[in-house]
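Asks: Sequence plus the predicted model coming up.
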Amino acid sequence: MNNVLSYEYEIHLPSTAEEGKKYPVVFALHGIGYDEQYMLSLVEDLKEEFILIGIRGDLPYEDGYAYYYLKEYGKPERKLFDISVNKLKNFIEAALKKYPIDSDKVYLIGFSQGAILSMTLALILGEKIKGIVAMNGYIPSFVKEEYPLKSIERLSVFLTQGESDHIFPLNIGQENYDYLRKHAASVKYTIYPAGHEISQDNQRDIVSWLRQDAYNYGQNKTTNLA
């Protein structure tokens, strides 16, 4: 583990990576009780197009890991939450310097706890993040009210929700959508016939959305420079 990159992580670089070329990146954040391998498996189809970085939470939880613990669902241990957000922010900023990453195409994906952190990090990192995929999570009220938020007017968002999620019901997903569409460049919100899980259709759509958003940004940037 690198001292600057303060979490254990796994990174996949394109096997045909060219010297001097920079690549889009996906930082993958798992849910509580999961690990980085699970999240990386969701975006494996992008391994030749993106740099993929799975970040492992540093706290043990059941058979996996967590970034922070909970008082109960929907109520993080505030001190641990704040620490994890700061450490993840530093991790992302350090990784951008360490690896051949295109800083215009930085993406975060997360499930449950990872979705909560992905949305939070997008709000505090602002224009450093191009897009997020947030699956079955929410934005804590204290983040909206107390954190130093930055503009996300260039941010693309793909929100997903399980129709029968017993932990975060549909009204939570709608609240995410209503909040983010007021501030972000674009927000796609899809509800899947699933519970608190990532379905195969959801996985397929994640890959498609990431690929398309990164490609479209590249095309728009080229057009603007022409």
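Replies: Sure, I can see it.

Asks: shaky segments in the chain?
Replies: Within the chain, the segments meeting pLDDT under 70 span 1-4, 218-226.

Asks: Which other helices and strands does the longest strand along it contact?
Replies: Assignment by DSSP state E gives strand 101-111 as the longest strand of the chain. When contacts are defined as 3 or more C-beta pairs under 8 Å, 6 or more residues apart in numbering; DSSP states H and E, strand 101-111 sits against strand 23-29, helix 36-42, helix 78-98, helix 113-125, strand 131-135, helix 200-225. The C-beta positions use only the backbone N, C-alpha and C, and glycine is treated the same way.

Asks: Generate a markdown table for these, with distance to Ala66 and mean neighbour count as supplementary columns.
Replies: Below are those laid out as a markdown table (distance: least, C-beta to C-beta, whole Å; neighbours: other C-beta atoms under 10 Å):
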| stretch | distance to Ala66 | mean neighbour count |
| --- | --- | --- |
| strand 23-29 | 11 | 26 |
| helix 36-42 | 12 | 19 |
| helix 78-98 | 9 | 16 |
| helix 113-125 | 6 | 25 |
| strand 131-135 | 17 | 29 |
| helix 200-225 | 22 | 14 |
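
Asks: now those as CSV including distance to Tyr65?
Replies: As requested, the helices and strands packed on strand 101-111 are exported to CSV (distance: least, C-beta to C-beta, whole Å):
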stretch, distance to Tyr65
strand 23-29, 11
helix 36-42, 8
helix 78-98, 11
helix 113-125, 10
strand 131-135, 17
helix 200-225, 21
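
Asks: Can you pull the phi/psi pair for Gly74?
Replies: phi 90, psi 0 (degrees, to the nearest 10).

Asks: For the longest strand of the chain, buried residues please.
Replies: Using 16 or more other C-beta atoms under 10 Å as the test for burial, strand 101-111 gives 101-102, 105-111.

Asks: Show me how far it is from its chain's centre.
Replies: 7 Å (C-alpha atoms, centre = their mean, to the nearest Å).

Asks: ok so, going back, mind checking which of the helices and strands packed on strand 101-111 is nearest Lys144?
Replies: Of all the helices and strands packed on strand 101-111, helix 113-125 sits nearest to Lys144, with 7.9 Å by C-beta to C-beta.

Asks: Mind exporting the C-alpha coordinates of the closest one to CSV?
Replies: Provided in CSV are the C-alpha atoms of helix 113-125 (Å, rounded to 0.1, in the frame of the first residue of the first chain):
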residue,chain,number,x,y,z
GLN,A,113,-22.2,2.9,1.1
GLY,A,114,-20.1,3.4,-2.0
ALA,A,115,-23.0,5.3,-3.7
ILE,A,116,-23.3,7.6,-0.7
LEU,A,117,-19.6,8.3,-0.8
SER,A,118,-19.6,8.8,-4.6
MET,A,119,-22.3,11.4,-4.5
THR,A,120,-20.7,13.1,-1.5
LEU,A,121,-17.2,13.2,-3.2
ALA,A,122,-18.7,14.6,-6.4
LEU,A,123,-20.2,17.4,-4.4
ILE,A,124,-17.0,18.3,-2.7
LEU,A,125,-14.6,17.8,-5.6
